[in-house]
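*Asks:* Return a 3D structure for these sequence lines:
(one chain, ligands or ions: 1)
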Amino acid sequence: MKTSQHFARLTTVLLCSALFSVAHAEDTAAKLPNVVILATGGTIAGTGATSTTTIGYSAAKLGVDKMIEGVPELKKAANVRGEQVAQIASESMTNEVWLKLAKRVNELLAQKDVDGVVITHGTDTIEETAYFLDLTVKSKKPVVVVGAMRPSTAISADGPINLYNAVLLAGSKDAAGKGVLVALNDQINAGRDVSKVNTSTTDTFKSPDLGFLGFMQDNKPHFYRQPVRKHTADTEFDVSKLEALPQVDIVYGYANMNRVALDANVAAGAKGIVQAGVGDGSMAAQMLPAFREARQKGVIVVRSSRVGAGIVARNGEVNDDKEDFVVSDTLNAQKARILLMLSLTKTSDTKKIQQMFYTY
Ligand code: DGL
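*Replies:* Below you'll find the model as predicted:
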């Protein structure tokens, strides 16, 4: 065979294999879910001076594209792309960022070519953002909030595996219809029930009363239960036209507390006050007149608890019927604040608000 014939044959073979690999790549991509990563900052985007810096690092440094580049395995999990919604340490999270995030999530999930959303977030207020979205996302498609307890520069950084698992989860049909999920440390929590319970360990996210919904293992979710309270697609709250949320503050209960903080919040225009009370949301005798005065000024008072687990029931050690107070059921104070803010966008009727606390 002449050299030219050899060359022509070789060219044909190389061309065919190139076309095949392109077709295969396109075929694989077509089979993978489309997941959008919305970044807000936090430790998962954090950097430290050395690989052993796990305290004293800077949160919210890496951009979303850098985070995606840092985990090439994401390409095996889904077709991912990123958007930077904010770049903050989550202790600085604001109602404005929440509204921007909820609106963007709803826009994306309304698109046929988006199968799920991942939100990267600082762990300090992940539980609050997750619950806010649980009450405002208008879709059954998966929304997964993820963070990390070690910065990206640390040895055994947990961000990459947490992000990989979050993208797998957001692309999984099994995660649909379960409300907003918080997934770190191979564990899957419901946005409504989860809390950060340890200041620094990687297993910090727990749902004290009800436990995990399931686990991430072997590149897929394993679910064992699902939330029964209303969420996401069944929510009555619509933030699409909201530019702000009603001011709701929290006063912390403790032995020998005084009314200074409560009075200051009311004077500053709070529309609602949540008490993180001792025990079953108990109200100190010396505080009752202050809460009563707040209620008489039209402020909605919700009794929650600093305990972090259990039901705060009506008419326990406070006559809620007489005082016209609301109780938080099993929502801790920071989550009760979120539901009260959204409730106040619809009503100031305490009976209707109480029903919302029994519904969501
Ligand atoms: N500053 C904290 C935050 O952004 C760091 C904690 C973390 O993200 O793990 O929530």
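*Asks:* The ligand contacts on the chain?
*Replies:* 42-43, 59, 89-91, 122-124, 147-149 (CB under 6 Å from any ligand atom). Bear in mind the C-beta positions are built from the backbone N, C-alpha and C, glycine included.
*Asks:* Of those, which one scores lowest on pLDDT?
*Replies:* Lowest pLDDT among the residues of the chain next to the ligand: Ala59, with 84.
*Asks:* Distance of the residue in the stretch 251-360 of the chain positioned nearest to the ligand relative to Glu128?
*Replies:* Closest to the ligand within the stretch 251-360 of the chain is Gln334: 13.4 Å, counting by CB to the nearest ligand atom. Computed as CB to CB, to the nearest Å, the Gln334 to Glu128 distance reads 5 Å.
*Asks:* more crowded one of the two?
*Replies:* Shown here are Gln334 and Glu128; by other CB atoms under 10 Å, Glu128 has more neighbours (21 against 16).
*Asks:* The more buried one: what secondary structure?
*Replies:* helix (DSSP: H, G, I helix; E, B strand; the rest coil).
*Asks:* so who does it touch?
*Replies:* Residues in contact with Glu128 (CB atoms under 8 Å, 6 or more residues apart in numbering) are 93, 334-335, 338.
*Asks:* Sitting in helices, which of the residues you listed do you find?
*Replies:* 334-335, 338 (DSSP state H).
*Asks:* Need these in JSON lines (columns: distance to Glu69).
*Replies:* Listed next are the ones in helices among the contacts of Glu128 as JSON lines, based on distance: CB to CB, whole Å:
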{"residue": "Gln334", "distance to Glu69": "34"}
{"residue": "Lys335", "distance to Glu69": "35"}
{"residue": "Ile338", "distance to Glu69": "34"}
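*Asks:* Is it possible to get these out as a markdown table so that each row also shows pLDDT and distance to Arg259?
*Replies:* Listed next are the ones in helices among the contacts of Glu128 as a markdown table, based on pLDDT from 0 to 100; distance: CB to CB, whole Å:
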| residue | pLDDT | distance to Arg259 |
| --- | --- | --- |
| Gln334 | 98 | 21 |
| Lys335 | 98 | 24 |
| Ile338 | 98 | 24 |
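*Asks:* closest to Gly191 among those residues?
*Replies:* Distance to Gly191 across the ones in helices among the contacts of Glu128 (CB to CB) is lowest for Lys335, with 9.2 Å.
*Asks:* so how many other residues sit close to the closest one?
*Replies:* 26.
*Asks:* That one and Glu127 touch, don't they?
*Replies:* Yes: Lys335 lies in contact with Glu127 (CB atoms under 8 Å); the separation is 7.1 Å.
*Asks:* In CSV: the contacts of Glu128, plus distance to Arg192.
*Replies:* Below are the contacts of Glu128 laid out as CSV (distance: CB to CB, whole Å):
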residue, distance to Arg192
Met93, 18
Gln334, 12
Lys335, 7
Ile338, 10
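*Asks:* now, which of those sits nearest Ser139?
*Replies:* Ile338 (18.9 Å).
*Asks:* got a list of what the closest one touches?
*Replies:* 128, 131-132, 135.
*Asks:* Kindly report the same for Gly63.
*Replies:* If you count contacts by CB under 8 Å, 6+ apart, then Gly63 has 39, 45, 84, 87 around it.
*Asks:* what secondary structure does the third one sit in?
*Replies:* When you say that, I think you mean Gln84. Assigned by three-state DSSP, the conformation of Gln84 is strand.
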